[in-house]
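Enquirer: Sequence first, predicted coordinates after that:
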Amino acid sequence: MASLPTSVEASQELLLSELPEQMSMAQDAWRRLQRNRLAVIGLAIIGLFLATAVVSLVWTPYQTWQQALGPTYQGPTPAHPLGLDDYGRDILSRVMGGAGIALTVGVGASLIASCTGIVLGMLAGFYKGKVDALISLVVNIFYGVPDLLVALILVVLIGRGIFNVILAIAITGWLGMARLVRGQTLSIREREYVEAARTVGTPNLMILVRHILPNALGPIVVQATYLVPAAIIFEAFLSLLGLGVPPPAPSWGRMASEGYKALQIAPHIVLAPCAALSLTVLAFNWVGDGLRDAIDPRMRR
Amino acid sequence: MSRGLAVYIVQRLLLVALTALIVSSVVFIGVHQLPGTALISERDTNPATEQILMRHYHLDLPWPQQYWLWITGLVHGDLGESLVNRGVQITPLLLREASVSVTLGVAAVIITVLVGMSLGILAAIRQNTWVDYLASTTAVIGYSVPSFVWAFLLILLTVSGFYTWTGGFIYEDIGWGKPEQIPVPALALGLPYAAIVARLTRASMLEVIRQEYVRTAWAKGLASRAVILRHALRNALIPVISILGPLITGIIVGSVVIEYLFGIPGLGQEFVNSILSRDYNIVVGVFTFYAALVGVANLVVDLTYPLLDPRIRY
């Protein structure tokens, strides 16, 4: 060590000059995420997906519902790069429109499920006792129930609008989030800073919002990211069984379902939406993996 | 079998029964709040016939009474009668279909575990080589591609592909009934989960092969086969087993879609058909079956822990 600083001011100056530029946790995570090649590719694909979804609202090469644009089951041609489907609709336009539906369903269901799961999970973990017993009982009983079957029944009960489909997916999606948040809350509420906040008389709601939620946010963001592709696949399952977003909306699952009967003679009808769906899900999973590693480097495999 | 184990199994089975009861009660009560039933869709029935039918199915009673009748039937193993196909008893029908679904499900689980574990072990023992990268990349792609997309690809490969390439020599249609028709749907159903198993096996193997007892096994000159399979794998499998529970639930969900696509007469297809025709008696019945299946499968998974780790006892 060199000569000791003589005044307080000098010592501060020294420390500030030696410290690297300060960074928030989020900035640090973002920097690590950028170093993850697959996560960056995933982000790029998601960007393309978002752009397609937005563009499809105002413009698609043809109208998604417009039939008889050419011979039915026609393969790729310059005018229709992905070919035509069984009604002679342009598949490229429909795949583009499908991005909008997938985005709405994926993000909508993830948001609703996450918010429900966060609120109930924090309540269970923070108050423990009877509140926890009740919430955990519901979660544990329904955790083992196949979620698709619940969604199928619900869609038949409440109808098939896009919002109902989102609701049907979210109604089981929150269980995993609630489990995660409950566990996080149980451990965070015992930390010293929560105890300190309690000693100075911070109200419970304030402790939950200002201290517990921000400290549990990392795993929550990761889980919410994984919920988006799960919801997109889920919607495709529902559409495949004829109970998803109603026609003529170009949902990827419905397109696959309609093309299935002609799989042997015109595989392009099925393959185009399936490729779009798989690529989107893959991108979200890559970003989810990257976020997980970036937010908590210890969890890195 | 020790006494403790027997008590544990009985306890767990009671819990399964309780869960199935609660879940199916929620569905029963939910479904019976609806205005319509399968009977309403029959336009040609005259009021007198409808009266008789309503009485036959006890639909004229208030729902708490219907619920009581259903519960008493359930404890006797009687799930009632189909609303659409009159006179068809639901319990034997679903038992028959469950045997189909279980065959498919077990085949899928076997494929999942075999493919997933092999890929995972391979990636772990060849860590950071091209084998590892290939296996790991395949795994991420594997679980991002949903089961029905695998189904389309496999159908194109086996039905159209094999037919064209062998000049019509091999032709095997999709369906159910012949043993050779089992692998394709089972593979489609199992592949996404095989990828998850592969990832977990790799991570868990990597942790185990750095432990000292594995080094000891190498040091005393055991064959690599014995070290990997007998010493490392056995302990590496414990975390892998823990995801088999959710995995089985996932395979059941996937089987609904796969059975529908392949025309396999199992519980999943029955569920979709009966929900579309509003045959609520069967819907509730299938739910009860699934809740029980998930519970029993989880019990079987938990019973394998002591086999791998003698420290775990029930």
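Expert: Arrived safely, thanks for sending.
Enquirer: Any residue of the longest helix along chain B touching chain A?
Expert: Criterion DSSP state H: the longest helix present in chain B is helix B:90-125. No: for a cut-off given as Cβ under 8 Å from any Cβ of the partner chain, helix B:90-125 has no contacts with chain A; the smallest distance is 10.7 Å. From N, CA and C alone the C-beta is placed, and that goes for glycine too.
Enquirer: any idea how far that helix is from the chain center?
Expert: 7 Å (Cα atoms, centre = their mean, to the nearest Å).
Enquirer: Show me which residues of the stretch 1-150 of chain A are close to chain B?
Expert: Those residues of the stretch 1-150 of chain A that sit near chain B, judged by Cβ under 8 Å from any Cβ, are A:Leu38, A:Ile141, A:Phe142, A:Gly144, A:Val145, A:Pro146, A:Asp147, A:Leu148, A:Leu149.
Enquirer: which two from those residues end up farthest apart in space?
Expert: The span of the residues of the stretch 1-150 of chain A next to chain B, defined through Cβ to Cβ, is set by A:Leu38 and A:Ile141 at 37.1 Å.
Enquirer: Show me where the stretch 1-150 of chain A has its helices.
Expert: For the stretch 1-150 of chain A, applying DSSP state H, counting those that start in this stretch gives helices covering A:8-18, A:25-35, A:37-58, A:91-127, A:129-143, A:147-158.
Enquirer: Against which helices or strands is the next helix or strand after the last one packed?
Expert: It stands for helix A:147-158. Sequence-wise, the next helix or strand downstream of helix A:147-158 (DSSP states H and E) is helix A:162-188. Using 3 or more Cβ pairs under 8 Å, 6 or more residues apart in numbering or on different chains; DSSP states H and E, the elements in contact with helix A:162-188 are helix A:91-127, helix A:129-143, helix A:147-158, helix A:213-240.
Enquirer: Pull out the buried residues from the longest one.
Expert: Neighbour-count burial for helix A:91-127, with 16 or more other Cβ atoms under 10 Å in any protein chain shown as criterion, is recorded at A:91-114, A:116-118, A:120-126.
Enquirer: Just put the residues of the stretch 1-150 of chain A next to chain B in CSV and tack on pLDDT and neighbour count.
Expert: Output for the residues of the stretch 1-150 of chain A next to chain B, formatted as CSV (pLDDT from 0 to 100; neighbours: other Cβ atoms under 10 Å in any protein chain shown):
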residue, pLDDT, neighbour count
A:Leu38, 84, 16
A:Ile141, 79, 16
A:Phe142, 79, 19
A:Gly144, 72, 23
A:Val145, 80, 25
A:Pro146, 82, 25
A:Asp147, 85, 22
A:Leu148, 87, 25
A:Leu149, 86, 25
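Enquirer: Closest one of the residues you listed to A:Leu238?
Expert: A:Leu148 (7.7 Å).
Enquirer: so how far is chain B from A:Gly83?
Expert: From A:Gly83 across to chain B, the span is 16 Å (Cβ to the nearest Cβ, to the nearest Å).
Enquirer: what's the most centrally placed residue in chain A in contact with, if anything?
Expert: In chain A, the residue lying closest to the centroid (Cα atoms, centre = their mean) is A:Val228, at 2.4 Å. A:Val228 sits next to A:Gly106, A:Val107, A:Ala109, A:Ser110, A:Phe284 when contact means Cβ atoms under 8 Å, 6 or more residues apart in numbering or on different chains.
Enquirer: what's near enough to touch the first one?
Expert: The reference is to A:Gly106. The contact partners of A:Gly106, taken as Cβ under 8 Å, 6+ apart, are A:Val228, A:Pro229, A:Ala231, A:Ile232, A:Glu235, A:Phe284.
Enquirer: again, only this time at 6 Å
Expert: A:Gly106 makes contacts with A:Val228, A:Ala231, A:Ile232, as judged by Cβ atoms under 6 Å, 6 or more residues apart in numbering or on different chains.
Enquirer: of those, closest to A:Ala133?
Expert: Among the contacts of A:Gly106, and counting by Cβ to Cβ, the member closest to A:Ala133 is A:Ala231, at 29.2 Å.
Enquirer: you'd agree the closest one is up against A:Ala109?
Expert: Yes: counting by Cβ atoms under 6 Å, A:Ala231 touches A:Ala109, with 3.7 Å between them.
Enquirer: Please tell me how far the residue located most distally from the centre of chain B sits from chain A.
Expert: Ranked by distance from the centre of chain B (Cα atoms, centre = their mean), the top residue is B:Ala48, with 43.7 Å. Distance, B:Ala48 to chain A, using Cβ to the nearest Cβ: 29 Å.
Enquirer: Now name the helix or strand holding that residue.
Expert: Per DSSP H and E, B:Ala48 falls inside helix B:47-56.
Enquirer: tell me which of the contacts of A:Gly106 is nearest to B:Pro306?
Expert: The nearest member of the contacts of A:Gly106 to B:Pro306, counting by Cβ to Cβ, is A:Ala231 at 37.5 Å.
Enquirer: Count the residues that sit near that closest one.
Expert: Using other Cβ atoms under 10 Å in any protein chain shown, A:Ala231 has 26 other residues around it.
Enquirer: quick one, what contacts A:Gly176?
Expert: Applying Cβ under 6 Å, 6+ apart to A:Gly176 gives no contacts.
Enquirer: Show me which residues of chain B sit near chain A.
Expert: B:19, B:22-23, B:144-146, B:148-149, B:152, B:156, B:160, B:203, B:249, B:252-253, B:256-257, B:260, B:272, B:275, B:290, B:294 (Cβ under 6 Å from any Cβ of the partner chain).
Enquirer: Any regions of the stretch 201-301 of chain A where pLDDT drops low?
Expert: Applying pLDDT under 70 to the stretch 201-301 of chain A flags the ranges A:297-301.
Enquirer: I misspoke; the intended subject was chain B.
Expert: Within chain B, the stretches with pLDDT under 70 are B:1, B:34-45, B:168, B:171, B:314.
Enquirer: And the residue of it closest to chain A?
Expert: Nearest residue of chain B to chain A: B:Ser144, at 3.8 Å (Cβ to the nearest Cβ).
Enquirer: Tell me which stretches of chain B form helices.
Expert: Going by DSSP H, chain B shows helices at B:3-31, B:47-56, B:63-75, B:90-125, B:130-144, B:147-155, B:162-165, B:183-208, B:212-219, B:224-226, B:233-242, B:244-262, B:267-276, B:280-308.
Enquirer: Could you do the stretch 201-301 of chain A as well?
Expert: Here the stretch 201-301 of chain A has its helices, by DSSP H, counting those that start in this stretch, at A:204-206, A:213-240, A:252-260, A:267-295.
Enquirer: So which of the ones you listed is the most surrounded?
Expert: helix A:252-260 (a mean of 25; mean count of other Cβ atoms under 10 Å in any protein chain shown).
Enquirer: quick revisit: tell me who's in contact with the residue of chain B closest to chain A.
Expert: When contacts are taken as Cβ under 6 Å, 6+ apart, B:Ser144 is in contact with A:Ser278, A:Val281, A:Leu282, A:Asn285.
Enquirer: can you rerun that using 10 Å?
Expert: When contacts are counted by Cβ atoms under 10 Å, 6 or more residues apart in numbering or on different chains, B:Ser144 is found next to A:229, A:233, A:277-286, B:192, B:195.
Enquirer: ok, the closest residue to A:Ile232 other than its chain neighbours to A:Ala26 distance?
Expert: What sits nearest to A:Ile232 in space, not counting adjacent residues and going by Cβ to Cβ, 6 or more residues apart in numbering or on different chains, is A:Gly106, at 4.3 Å. Note on A:Gly106: its distance to A:Ala26, by Cβ to Cβ, to the nearest Å, is 23 Å.
Enquirer: before we move on, what about B:Ala219?
Expert: 47 Å.
Enquirer: Which one's more surrounded, those two?
Expert: Neighbours per residue, other Cβ under 10 Å: of B:Ala219 and A:Ala26, the larger number sits with A:Ala26, 13 against 9.
Enquirer: Okay, the more buried one and A:Ile135: tell me how far apart.
Expert: To A:Ile135, A:Ala26 is 29 Å away according to Cβ to Cβ.
Enquirer: And for B:Ala188?
Expert: With distances taken as Cβ to Cβ, B:Ala188 is found 36 Å from A:Ile135.
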